[in-house]
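Attaching a predicted model along with its sequence, questions to come.
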Amino acid sequence: MTINQNRPVIIGVAGGTGSGKTTVAKEIFNQFNQSSIVLIEQDAYYKNQDHLAFEDRLKTNYDHPLAFDNELLYAHLRQLVDRTPIYKPAYDYAQHTRAKEVLEIEPKDVIILEGILILEDERLRSMMDIKVFVDTDADIRIMRRLLRDTKERGRTIESVIEQYTNVVRPMHLQFIEPTKRYADVIIPEGGENKVAIDLMATKIRTVIQQKQDSNI
């Protein structure tokens, strides 16, 4: 990939559900001038399911690579690299399909791409300057997911535990955990690891400076 001064720096932040990857991504985001950085969540790119009956949407395996519209995500990253605005989709978790609203995103100097399976797709990996995997113990991850899904997504405790046991854990072991080998940096304990987050922000600034220096 040709590096030039105008090309944004792309940082991928991956990890299992409840690992703290979203917190890490947001903490890094907050260390930069928000006029020069944007956060793109892979969750926004779950496939549209409005052609399916609601009962059929409930059967979707959201932890499988095929649940994501990576074609659109990749296309949008290419647009941002080319300094073209995108219209990022949103996902309605209550209806289990893509929301009608979209959000216009302007090109920025730094792009943080966050999601459970962003390192699984070779096309996405190839665009990243820095690849991060947030590694957190499984018992902590399930507790975090339990709290999130019951408070924010209207789920029952029983349904969260059943989904974790039958879908989330097997998918993590099959698809997410193996992507750790692609990471340049592994951050243990997620958002609680302030030292690692500060080091990541420093590294990103160094990469930006190196790109600028290479064009002087």
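Yes, it's here. Predicted model only: the values in this text are computed from it and were never measured. Residues are numbered from 1 along each chain as shown.

In the chain, mark out all the helices, start to finish.
21-30, 54-57, 70-81, 122-127, 138-152, 157-163, 169-171, 194-213 (DSSP state H).

Can you tell me which of these is nearest to residue 179?
helix 122-127 (8.6 Å; Cβ to Cβ). Where C-beta positions appear, they are placed from N, C-alpha and C, glycine not excepted.

Tell me the spacing between the residue nearest to residue 96 when sequence neighbours are not counted and residue 72.
Take residue 96 and drop its neighbours on the chain: the residue closest to it by Cβ to Cβ, 6 or more residues apart in numbering is residue 57, 3.7 Å away. Distance, residue 57 to residue 72, using Cβ to Cβ, to the nearest Å: 19 Å.

just residue 17 next, same as before
On the measure of Cβ to Cβ, residue 17 and residue 72 end up 22 Å apart.

And the two? Which one has more around it.
Per other Cβ atoms under 10 Å, whichever of residue 17 and residue 72 has more neighbours is residue 17, with 22 against 16.

per-residue confidence at the residue nearest to that one when sequence neighbours are not counted?
Spatial nearest neighbour of residue 17, excluding adjacent residues (Cβ to Cβ, 6+ apart): residue 145 at 5.2 Å. Listed pLDDT for residue 145 reads 82.

okay, now residue 145: neighbour count?
Neighbours of residue 145 using other Cβ under 10 Å come to 21.

show me the contacts for it.
Residue 145 makes contact with 17, 18, 160, 164, 168, according to Cβ atoms under 8 Å, 6 or more residues apart in numbering.

now those residues in CSV, with distance to residue 122?
Putting the contacts of residue 145 into CSV (distance: Cβ to Cβ, whole Å) gives the following:
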residue, distance to residue 122
17, 22
18, 26
160, 32
164, 28
168, 24
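
if I look at residue 67, how far off is residue 100?
Taking Cβ to Cβ, one finds residue 67 at 20 Å from residue 100.

Quick one, which of the helices of the chain gets closest to residue 8.
Among the helices of the chain, helix 70-81 sits nearest to residue 8 (Cβ to Cβ), with 6.3 Å.

Buried residues in the closest one, which are they?
70, 72, 73, 74, 76, 77, 80, 81 (16 or more other Cβ atoms under 10 Å).

Return the member of the residues you listed nearest to residue 31.
Once Cβ to Cβ is applied, the member of these that ends up nearest residue 31 is residue 80, at 20.1 Å.
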